[in-house]
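**Q** Okay, structure incoming, though there's no sequence with it:
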Ligand SMILES: Nc1nc(=O)c2c([nH]1)NC[C@@H]1CN(c3ccc(C(=O)N[C@@H](CCC(=O)O)C(=O)O)cc3)C=[N+]21
C-alpha cells in the first residue's frame, strides 16, 4: 500500500505545536516578528504572501508585509532592509523572489543580517549548512526533511537523487540529505542517463518545474517520491513535476501537489521565525 505524505495535515499538527511555543515565548514578553518584502506583483509570490500572513495570524506570529512598486531602486530596498536589520521587533526578514532585473538579488540577499535571514539564503547560512552546522536553513528542503522524519523514513545509507540544482531547493536539499547520511546524487539539465539514476533512487526529490516530468514507469518500486513542482496547467490548476496517478502505484510513499511540500514550506518558515525569537536575549 502506498502511503500519501499529507503535508497539509502535518502542517496542522505542527501549527498546534508552534501555537504552544509562541504562548511560552509570550510569557517571556517575546512576540516573534516576521517581515516579508515583496517587490512588484508576481502572482505566485502573492499567493505565498497571503498564505504566510494567514498562517502567522493563526500561530501568533506578528507578520509585517511590505510591498514596493516594481520600479523601486536597489538603494531604497537596501535602506528598508537596514531598518529591519535593526528593528528589535523583527526576528525574520524574507525578500520574495524573483526580484525585478534592475535589482541585484545577490546584493539584496547578502544585505540581510545572517541572524535574521529566515530563508537561509545568505552565504553565511549556506556555508553553515554545508558544514553540518545549520542554524537557519531554506524552508522548502527543511519542510521535506521534516516530512521524511515525521513519516519515519530511514535516510541513512539510502540512495537519494535530487533532480534540480537551484539554490532554493536542490542544493540545500543535497546538503540536508548528506547531513542525514544519505548517498546523495544531484541531477540537472545536463545529466546523462537520468533514467538509470532515477531507477536506482530510494528517495527521489523532483524540483525541475516541468509538469509530469517523472512517471510511474521511471521509478524504482518502493521508492519515496517527493514532488516539489508547482506548475499551472491550461485550466490554471496546480500540477506537480510527478505524474501522481502513475507514480502512486509504484512508490511506497509520495507527496501530492497541492497539499504536499507547499504547506510545509510555510510551516518551516514559521518554525524558524519562532526559533530565532527564542534566541532573543531580552
Ligand atoms: N524568498 C522567497 N522564499 C520562498 O520560499 C518563495 C519565494 N521567495 N517566492 C515564491 C516561492 C513560492 N513559494 C510557495 C510556498 C508555498 C506555497 C503553498 O502553500 N502551496 C500550497 C497551496 C497553493 C495553492 O493552492 O495555490 C500547496 O502546495 O498545497 C506556495 C508557494 C515560496 N517561495
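**A** Good, I have the coordinates. The structure displayed is predicted, hence computed values, not measured ones.

**Q** Contact partners for the residue lying closest to residue 217 once chain neighbours are set aside?
**A** Closest residue in space to residue 217, ignoring its immediate chain neighbours: residue 246 at 7.1 Å, by CB to CB, 6 or more residues apart in numbering. Quick note: C-beta positions are derived from backbone N, CA and C, even for glycine. Taking CB atoms under 8 Å, 6 or more residues apart in numbering, we find residue 246 in contact with 215, 216, 217.

**Q** neighbours around the first one, how many?
**A** Yep, that's residue 215 we're talking about. Neighbours of residue 215 under the rule other CB atoms under 10 Å: 15.

**Q** That one and residue 249 touch, don't they?
**A** No: shown here, residue 215 and residue 249 do not form a contact pair, counting by CB atoms under 8 Å, at 10.5 Å.

**Q** near the ligand, which residues of this structure show up?
**A** Taking CB under 6 Å from any ligand atom as the contact definition, the chain meets the ligand at 44-45, 47-48, 51, 94-97, 119, 139, 238, 257-259, 262-263, 265-266.

**Q** redo that, cut-off 5 Å
**A** 45, 48, 51, 96, 97, 119, 258, 259, 262, 265 (CB under 5 Å from any ligand atom).

**Q** Find the residue closest to the residue in the stretch 101-250 of the chain positioned nearest to the ligand in space, skipping its chain neighbours.
**A** Relative to the ligand, the nearest point of the stretch 101-250 of the chain is residue 119 (4.8 Å; CB to the nearest ligand atom). Leaving aside its chain neighbours, residue 119 sits nearest to residue 94 (5.3 Å; criterion: CB to CB, 6+ apart).

**Q** Spatially central residue in the protein, please.
**A** The centroid of the chain falls nearest to residue 140 when counting by CA atoms, centre = their mean (1.5 Å).

**Q** Wasn't that one part of a helix?
**A** Yes: the assignment for residue 140, made by DSSP: H, G, I helix; E, B strand; the rest coil, places it in a helix.

**Q** Please enumerate the helices of this protein.
**A** Assigned by DSSP state H, the chain shows helices spanning 7-27, 43-59, 74-86, 105-111, 123-130, 139-150, 170-179, 194-200, 244-248, 261-278.

**Q** and those helices as TSV, adding mean pLDDT?
**A** Below are the helices of the chain laid out as TSV (pLDDT from 0 to 100):
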stretch	mean pLDDT
helix 7-27	98
helix 43-59	88
helix 74-86	98
helix 105-111	98
helix 123-130	98
helix 139-150	98
helix 170-179	99
helix 194-200	98
helix 244-248	98
helix 261-278	97
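
**Q** Nearest to residue 207 among those would be which one?
**A** Closest approach to residue 207 among the helices of the chain (CB to CB): helix 170-179, 5.6 Å.

**Q** Fine, thanks again, bye for now.
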